[in-house]
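Chemist: Attaching a predicted model along with its sequence, questions to come.
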Amino acid sequence: MSDQFVFQPDTAENRELEANVCPKSWINPVPSGRYNLVVVGAGTAGLVCAAGAASLGARVALVERLALGGDCLNVGCVPSKALIRASRAVFDARHSGGFGVVGGDALLADFAAALQRMRRLRAGISRHDSALRFRDELGVDVYLGQGTFTAPDTLQVEGAALHFAKAALCTGARAAIPPVPGLEEAGCLTNETVFSLTSLPARLAVIGSGPVGCELAQAFARFGSKVTLVERGSGILGREDRDAAAILETAFRREGIELELGAKLVRAWSSGSEKRLLLERDGVGFEIAVDAILVGAGRAPNTEGLGLEAAGVEYDKSGVKVNDYLQTTNRRIYAAGDICSGYKFTHVADAQARIVIENSLFPGRRKNSSLTVPWCTYTDPEVAHVGMYQADALARGLKVETLTIPFGDVDRAVLDGESEGFARVHLKKGSDVILGATIVARHAGEMIGEVALAINAGLGLSAIGRTIHPYPTQAESLRKLADSYNRGRLTPRVKKLMGAWLRWQRE
Ligand SMILES: Cc1cc2nc3c(=O)[nH]c(=O)nc-3n(C[C@H](O)[C@H](O)[C@H](O)COP(=O)(O)OP(=O)(O)OC[C@H]3O[C@@H](n4cnc5c(N)ncnc54)[C@H](O)[C@@H]3O)c2cc1C
Ligand SMILES: NC(=O)c1ccc[n+]([C@@H]2O[C@H](COP(=O)([O-])OP(=O)(O)OC[C@H]3O[C@@H](n4cnc5c(N)ncnc54)[C@H](O)[C@@H]3O)[C@@H](O)[C@H]2O)c1
């Protein structure tokens, strides 16, 4: 989050949230003696570091300048997934004619009600991250204020000097605003402000088609905004499997989202109550007019104002530099989460925080590179991935065998009316070793964990094949991938031998 952040609108739910994660009457403790661990930033990475270290008996200080819970709770995963769920309910109700639901065509969507539901759920979830809980139940010294290093072993917050044996830098990232003339002046929403809206923009331009842009473009379109998704690359979700992205592009177009791909944003300006964008594709300029602009064009690390120079911590525009043990260039200071990670996900922030606890407080040598990282973009259908893409494997000189099961071949997906998508696995050629997998399905995120488990535990695809999956489930697609692998092993020679054996049995 940026230091401009405030919770809006002023509602009972938001006041409950504020009371939990940034209580106005909070009195910082008075530091006495050295801390085992000073944690800067109380997003997922910082909260997990602080709670874990304190539960092991360490003296811990947790410093947060805005709101405990960070992006995930306040302006990221939690509000976005609540909104996405509501938009899915609207979409399903509208498109359930085939299931025998009558009247969907005439249905109205209530965006304000969906936002209120989001605020209520977010406030409820915020209890886990509350300052009081961290202080009274977990025994952590919670300081509210901007943390700034003044020496390699000292952090200053609100005039207090916190001395530490070790520190964990968990200050996260914020939306990066592309340096496009007029964009900031015209006014644009980011993940910090979009969940504070109280009414639906009739026309919305979404800049960037990464996870933020794709998830929110579809959610707003389903509530009834006329959405234009602007992406400078040639396709949406540029990092994902291209067949996966193509399925999503088709779904987006079908739902009325305008895709402006390969489009450069040249200039933005306000014109009366509307905002105008000048785009350029193949050297040809064209304008679009909208009521609001949402930017989801990548993240910028929160390195400013931290006194990193005084602490001897090196950083660049992608964040704080760490080694494989998540140690910065100051050996006392470790880092976890978006501030240092190429993978900017809550579950990675959590996993890295656990590494930091082990490596900083104890003689642990756990490596960041040992993590198997799955992820999922919560569009409809969802796109989930773990491990390598085919191109990664080929670039490493590995020979790859790719197997794909379309969900049209999976009974449960057909019965659910969710047959658009596939489960795909990349194997090390000549073996069942899983290099990576992509699943495109309505609940792909719920299925990718099984493949992540197999990779993490060193189990091959055959182990998934030997595992009975309940029928009918969409997860059966993974077992079907294993069947497909086994069929491929049936070489003409093996087939001939088996035929001979069976002939002999009949004699
Ligand atoms: C719209 C959106 C949706 C997302 N959805 C998902 C999802 O579904 N699944 C998923 O895995 N990930 C998702 N993410 C990514 C996820 O939110 C981040 O990866 C995660 O929050 C990173 O946690 P963190 O602790 O590293 O940083 P943050 O959550 O950014 O926390 C850093 C904290 O440090 C504080 N801070 C910064 N500087 C200082 C300072 N000098 N002193 C004191 N405090 C400071 C900040 O105020 C902040 O509270 C989403 C992100 C966005 C934007
Ligand atoms: N479901 C999830 O787990 C989830 C959801 C949301 C965000 N996140 C995390 O947040 C991070 C940030 O997400 P994001 O979507 O903001 O960033 P991103 O880097 O993933 O995607 C940004 C996209 O914006 C495009 N872009 C950048 N500048 C542009 C411009 N001027 N004009 C047009 N297009 C432009 C890029 O080409 C890219 O496709 C992600 O890397 C992800 O780790 C995760």
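Modeler: Structure's in. What do you need? Numbering: from 1, shown residues only. Ligands and ions are numbered 1, 2, ... in the order given.

Chemist: got the residues of the chain near ligand 2?
Modeler: For the chain, the contact set with ligand 2 under C-beta under 6 Å from any ligand atom comprises 178, 180, 207-213, 215, 230-233, 238, 265, 296-299, 344-345, 375-378. (Glycine included, C-beta is placed from N, CA and C.)

Chemist: Ligand 1 next: which of these are close?
Modeler: Within the residues of the chain next to ligand 2, those near ligand 1 by C-beta under 6 Å from any ligand atom are V212, K344, F345, Y378.

Chemist: Just the buried ones among the residues of the chain next to ligand 2, please.
Modeler: The neighbour count (16 or more other C-beta atoms under 10 Å) marks 180, 207-213, 215, 230-232, 265, 296-297, 299, 344-345, 375-378 as buried among the residues of the chain next to ligand 2.

Chemist: Next step: those restricted to strands.
Modeler: Of those, the ones assigned to strands by DSSP state E are I207, V230, E231, L265, R299, W375, C376, T377.

Chemist: tell me the contacts of the last one?
Modeler: If you count contacts by C-beta atoms under 8 Å, 6 or more residues apart in numbering, T377 has them with P211, C214, E215, L237, E240, V383, A384.

Chemist: Columns pLDDT on top of the residues you listed, output as a markdown table?
Modeler: Formatted as a markdown table, those follow (pLDDT from 0 to 100):
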| residue | pLDDT |
| --- | --- |
| P211 | 98 |
| C214 | 98 |
| E215 | 99 |
| L237 | 98 |
| E240 | 98 |
| V383 | 98 |
| A384 | 98 |
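
Chemist: ok, of the residues you listed, which come out buried?
Modeler: Among these, those classed as buried by 16+ other C-beta under 10 Å are P211, C214, E215, L237, E240, V383, A384.

Chemist: Any chance of these in a markdown table with distance to A131 as columns?
Modeler: Putting the buried ones among the contacts of T377 into a markdown table (distance: C-beta to C-beta, whole Å) gives the following:
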| residue | distance to A131 |
| --- | --- |
| P211 | 29 |
| C214 | 34 |
| E215 | 29 |
| L237 | 37 |
| E240 | 38 |
| V383 | 36 |
| A384 | 34 |
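
Chemist: circling back to that earlier point, reformat the ones next to ligand 1 among the residues of the chain next to ligand 2 as JSON lines; add distance to A482 and pLDDT.
Modeler: Formatted as JSON lines, those follow (distance: C-beta to C-beta, whole Å; pLDDT from 0 to 100):
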{"residue": "V212", "distance to A482": "34", "pLDDT": "98"}
{"residue": "K344", "distance to A482": "32", "pLDDT": "98"}
{"residue": "F345", "distance to A482": "27", "pLDDT": "98"}
{"residue": "Y378", "distance to A482": "27", "pLDDT": "98"}
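
Chemist: In the residues you listed, find the pair that's most separated.
Modeler: Comparing every pair within these by C-beta to C-beta identifies K344 and Y378 as the most remote, at 15.0 Å.

Chemist: follow-up on the earlier one: what about the ones next to ligand 1 among the residues of the chain next to ligand 2, which are in helices?
Modeler: Residues of these located in helices (DSSP state H): V212.

Chemist: Turn the ones next to ligand 1 among the residues of the chain next to ligand 2 into TSV, columns for distance to A89.
Modeler: Shown next, in TSV, are these (distance: C-beta to C-beta, whole Å):
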residue	distance to A89
V212	21
K344	28
F345	25
Y378	14
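
Chemist: just the ones next to ligand 1 among the residues of the chain next to ligand 2 now: which is nearest ligand 1?
Modeler: Proximity of these to ligand 1 (C-beta to the nearest ligand atom) peaks at F345, which lies at 3.3 Å.

Chemist: what's that closest one in contact with, if anything?
Modeler: F345 is in contact with V373, W375, counting by C-beta under 8 Å, 6+ apart.

Chemist: From I84, how far off is it?
Modeler: Note on F345: its distance to I84, by C-beta to C-beta, to the nearest Å, is 16 Å.

Chemist: for L461, same thing?
Modeler: Distance from L461 to I84, by C-beta to C-beta: 31 Å.

Chemist: Neighbour count for the two, which is higher?
Modeler: A count of neighbours by other C-beta atoms under 10 Å puts L461 above the other of L461 and I84, at 25 against 21.

Chemist: which SS state does the nearest residue to the more buried one once chain neighbours are set aside fall under?
Modeler: Excluding the flanking residues, the one nearest L461 by C-beta to C-beta, 6 or more residues apart in numbering is D432, at 4.3 Å. Classification of D432 using DSSP: H, G, I helix; E, B strand; the rest coil returns coil.

Chemist: Point out the residues in the stretch 351-500 of the chain that sit beside ligand 1.
Modeler: Checking the stretch 351-500 of the chain against ligand 1 by C-beta under 6 Å from any ligand atom, the hits are Y378.

Chemist: Strands of the stretch 351-500 of the chain, residue ranges please.
Modeler: Along the stretch 351-500 of the chain, counting by DSSP state E, counting those that start in this stretch, strands occupy 374-377, 382-387, 400-406, 422-428, 434-441.

Chemist: Just checking: what are the partner strands of the first one?
Modeler: Based on DSSP bridges, the pairing partners of strand 374-377 within the sheet are strand 382-387 (antiparallel).

Chemist: now the partner strand against strand 434-441, angle please.
Modeler: 180 degrees (axes from the mean of the first three to the mean of the last three C-alpha atoms, to 10 degrees).

Chemist: Taking their axis directions, strand 382-387 and strand 422-428 sit at what angle?
Modeler: Angle of strand 382-387 versus strand 422-428, following the same axes, to 10 degrees, is 10 degrees.

Chemist: Provide the contact partners of strand 382-387 at residue level.
Modeler: For strand 382-387, the external contacting residues (C-beta under 8 Å, 6+ apart) are 237, 240-241, 244-245, 248, 372-377, 426, 434-445, 447-448, 451-452, 455.
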